[in-house]
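Colleague: Curious how this folds, go ahead:
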Amino acid sequence: MFGNSRIVKFTNGINYTIPISLHSLFVNLLQIERYSQIFDLKDSKIEVSFDTQNKFYLSLKLDEEDKRLLALLAYGIVDGAVFLDMEHNTKIINDKVIKIIQGNRSTIETSEGIKFFLDSIGPDSIVETYVRRIHDNYSYDLQNKIVIDAGASIGDTPLYFASKGATVYAFELTKRNYDQMLDNLQLNSSLSKQIIPVNAGVGKDGIIEYNENISKENYDGAASFVVNKYGQNSVKRKVKGMTVKTIIETYSISDVYLLKLDCKGCEYYLKKEELHNIHRLKIEYYSYLKNHKLSDLVKLLKESNFDILIFKHNPNDMGQLGNRGNIVAEKII
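Modeller: Below is the predicted model of the structure:
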């Protein structure tokens, strides 16, 4: 360790100088080297291959695309992802295939044919939805159904739900994620016709404030109006806020088949009267505040006649289920 940097020496002799502040990149590089069959320096780029056929390249500058490619490869490979480069395809049916097309602005393509700009994807979002498949067990019957997606991020879940036949009202709090969602919707012109993107927060009405991450070294785009997750590495922004009740009234939605909440605390603003015409919920809950208790969410859902399951979706998350986890709830008929 020298000053604010650490020199990493890989088994093949490559030396990489990484700022200590970029610890996650260091971990991802080590993860990739561990599982790769090829990890070599060629023409000022690191060549990576897990099967000696499909090859991917990382710039030594570690720009925005490199950071996101690193995370995608590192998270994906341990969850069984199959990565293809632009030169290769497969006829073998596998729902964990991710194709990476590197170029002036690189893109990726899932096994469903859904495309994303590489520089837009979050550290774990694509892996959660399209490799770990955390939404499969409650999204199997969405044909011609209405989905409200609160926490639509860069469009990963709205496009997933649309691919299942749903009409999706996609709410995203942060302008940065919202703009990236619009970019990704343009890549998927057919599915985008089923998606109504809205730059707004869900949970309460009126103008709400949230803290947006502005760190150049940490590209986590998740934000919350409930709590400041980023401390000094953030700036206050304002955006329109809407309750679930207001959303249903504004868009004249008579029947919500699925309400998906991944909005970092907004789930604790749900009201019993908002759940009457909702058949199914998926909540990724976070108990940031002392008065935000999982037991209160469970009570609300039980009193609203829902059957529920509570579970973890990330094998690397060591936190207690009382503080964060997932709920799938189904209305009892």
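Colleague: from memory Gly122 sits against Gly151, does it?
Modeller: No: because the distance of 11.4 Å does not satisfy CB atoms under 8 Å, Gly122 is recorded as not touching Gly151. (Each C-beta comes from the backbone N, C-alpha and C, glycine too.)
Colleague: Which residue of the two possesses the greater neighbour count?
Modeller: Between Gly122 and Gly151, Gly151 has the larger neighbour count (other CB atoms under 10 Å), namely 23 against 20.
Colleague: Now do the same contact list for the closest residue to that one other than its chain neighbours.
Modeller: On the basis of CB to CB, 6 or more residues apart in numbering, the spatially nearest residue to Gly151 that is not a chain neighbour turns out to be Asp262, at 3.5 Å. With contact taken as CB atoms under 8 Å, 6 or more residues apart in numbering, Asp262 is in contact with Ala150, Gly151, Ser153, Thr157, Ile283, Glu284.
Colleague: Adding secondary structure, pLDDT and distance to Gly241 as columns, could you present those in TSV?
Modeller: Converted to TSV, these look like this (DSSP: H, G, I helix; E, B strand; the rest coil; pLDDT from 0 to 100; distance: CB to CB, whole Å):
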residue	secondary structure	pLDDT	distance to Gly241
Ala150	strand	97	11
Gly151	coil	95	14
Ser153	coil	94	17
Thr157	helix	98	20
Ile283	strand	97	18
Glu284	strand	95	19
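Colleague: Go through these and name the one nearest Asp255.
Modeller: Nearest to Asp255, judged by CB to CB, of the contacts of Asp262 is Ala150 at 17.3 Å.
Colleague: Mind picking the two most distant members of the contacts of Asp262?
Modeller: Looking at the contacts of Asp262 by CB to CB, the two members farthest from one another are Ser153 and Ile283, with 15.4 Å of separation.
Colleague: What residue spans form the domains of the chain?
Modeller: 5-126, 134-331 (automatic domain parsing).
Colleague: Single out the most deeply packed of those.
Modeller: Each of these was assessed for mean neighbour count using mean count of other CB atoms under 10 Å. The highest is domain 134-331, with a mean of 18.
Colleague: Show me how far it is from its chain's centre.
Modeller: 11 Å (CA atoms, centre = their mean, to the nearest Å).
Colleague: now stretch 67-87
Modeller: 15 Å.
Colleague: Take that stretch, keep the C-alpha atoms, and write them as CSV.
Modeller: Once side chains and other backbone atoms are set aside, the C-alpha atoms of stretch 67-87 remain, and they are given as CSV (Å, rounded to 0.1, in the frame of the first residue of the first chain):
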residue,chain,number,x,y,z
LYS,A,67,-16.4,-0.3,-13.9
ARG,A,68,-19.8,-1.6,-14.9
LEU,A,69,-18.4,-4.4,-17.0
LEU,A,70,-16.2,-5.5,-14.0
ALA,A,71,-19.3,-5.6,-11.7
LEU,A,72,-21.4,-7.5,-14.3
LEU,A,73,-18.7,-10.1,-14.9
ALA,A,74,-17.8,-10.5,-11.2
TYR,A,75,-21.3,-10.7,-9.9
GLY,A,76,-22.6,-12.7,-12.8
ILE,A,77,-20.0,-15.5,-13.0
VAL,A,78,-20.7,-16.7,-9.4
ASP,A,79,-24.4,-16.9,-10.1
GLY,A,80,-24.0,-19.1,-13.2
ALA,A,81,-24.1,-16.4,-15.9
VAL,A,82,-22.9,-17.4,-19.4
PHE,A,83,-21.1,-14.5,-21.1
LEU,A,84,-21.0,-14.3,-24.9
ASP,A,85,-19.0,-11.8,-26.9
MET,A,86,-20.1,-10.2,-30.2
GLU,A,87,-18.5,-12.9,-32.2
